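[1] got a predicted structure here, sequence first:
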Amino acid sequence: MPLDPRLNPYVVPPRREPKRRPALLALVLVPIAGAVATSLIVTTSAGAEQVDTEGVVQAEAWAAQSGARTENTGDAGGGRNVGWLADGDWMRYDNVDLGGPGSLTASVRVAAGGRTGGTVELRAGAPDGELLASYQVGNTGGWQSWTTKTRVSTTGRTGLQTVFVLIRSEHGGDFVNVNWLRFHRTPTAAIPGSPSASP
């Protein structure tokens with residue numbers, strides 16, 4: 001009587017045919033996964049296209065900071081915003097292009113849900129450097145209720161600069177979130193007959 005291979009460790013059991021179900025399942029899932037990935041890429045791209053990114057510096061892309069933290073944002077375009085900002089906190093951004101000659105418009109995207117308010121300042125070179133623009137910020141309706149504040153800067157600086165976002169408040173505690181800053185240059189119109197005017 002032959003020995004049962006399950007009871008004799010010296011007898012090699014007969015080879016079993018591999019199951020085909022996992023391979024078949026993989027063949028079915030690959031096209032589905034590809035379709036889902038394509039759908040996600042299209043959706044992400046469509047959301048990103050809704051925001052004009054020319055001259056925009058994302059707040060979370062700092063080179064250095066003090067007191068700043070990031071979180072997922074509910075603002076258009078998604079991504080992350082910088083929050084938990086209080087008096088004396090700052091973020092530094094290197095190689096920010098302020099453009100060439102002309103009128104410089106500087107904007108910040110902010111949200112605030114607290115009772116206290118304060119100021120967001122954009123400064124060049126250092127936290128106490130030249131003031132590029134200053135914005136008063138009060139309660140916007142919530143920590144994810146975003147608004148854009150814009151100022152025309154009087155700076156003569158052009159080209160690549162180090163820019164600081166400095167938070168100021170007379171009250172203690174966090175009072176503002178920042179999602180991005182944007183710099184836009186409007187070329188100065190040449191006066192007819194001036195050396196810079198085209199012939």
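    That came through, no problem.
[2] when you work out contacts or count neighbours from here on, use the C-alpha atoms and nothing else.
    OK.
[3] tell me where the chain has strands.
    56-58, 64-66, 69-72, 80-85, 90-97, 103-112, 118-124, 130-137, 142-153, 160-168, 176-186 (DSSP state E).
[4] including mean pLDDT and mean neighbour count, could the ones you listed go into a markdown table?
    Formatted as a markdown table, those follow (pLDDT from 0 to 100; neighbours: other CA atoms under 10 Å):
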| stretch | mean pLDDT | mean neighbour count |
| --- | --- | --- |
| strand 56-58 | 97 | 18 |
| strand 64-66 | 98 | 13 |
| strand 69-72 | 98 | 14 |
| strand 80-85 | 97 | 22 |
| strand 90-97 | 98 | 19 |
| strand 103-112 | 97 | 22 |
| strand 118-124 | 98 | 22 |
| strand 130-137 | 98 | 18 |
| strand 142-153 | 98 | 17 |
| strand 160-168 | 98 | 21 |
| strand 176-186 | 96 | 22 |
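[5] list the contacts of stretch 144-161.
    73-75, 94-101, 103-113, 124-125, 131-135, 140 (CA atoms under 8 Å, 6 or more residues apart in numbering).
[6] how long is it end to end?
    29 Å (CA to CA, to the nearest Å).
[7] try stretch 82-93
    13 Å.
[8] show me what that stretch is in contact with.
    By CA under 8 Å, 6+ apart, the list of residues contacting stretch 82-93 from outside reads 59-71, 127, 162-179.
[9] I'd say S134 and E121 touch.
    Yes: judged on CA atoms under 8 Å, S134 makes contact with E121 at a distance of 4.4 Å.
[10] tell me how far I167 lies from L160.
    For I167, the distance to L160 - CA to CA - is 22 Å.
[11] cool, G77 as well?
    For G77, the distance to L160 - CA to CA - is 26 Å.
[12] same deal with E170?
    32 Å.
[13] cool, and G74?
    For G74 relative to L160 (CA to CA), the value is 30 Å.
[14] ditto for N95
    For N95, the distance to L160 - CA to CA - is 5 Å.
[15] likewise for V56?
    V56 is 14 Å from L160, where distance means CA to CA.
[16] next: E71.
    Here E71 is placed at a distance of 28 Å from L160 (CA to CA).
[17] cool, and L85?
    Going from L85 to L160 by CA to CA gives 26 Å.
[18] what of F183?
    12 Å.
[19] what do those two both touch?
    Shared contacts of F183 and L160 (CA under 8 Å, 6+ apart): 97-98.
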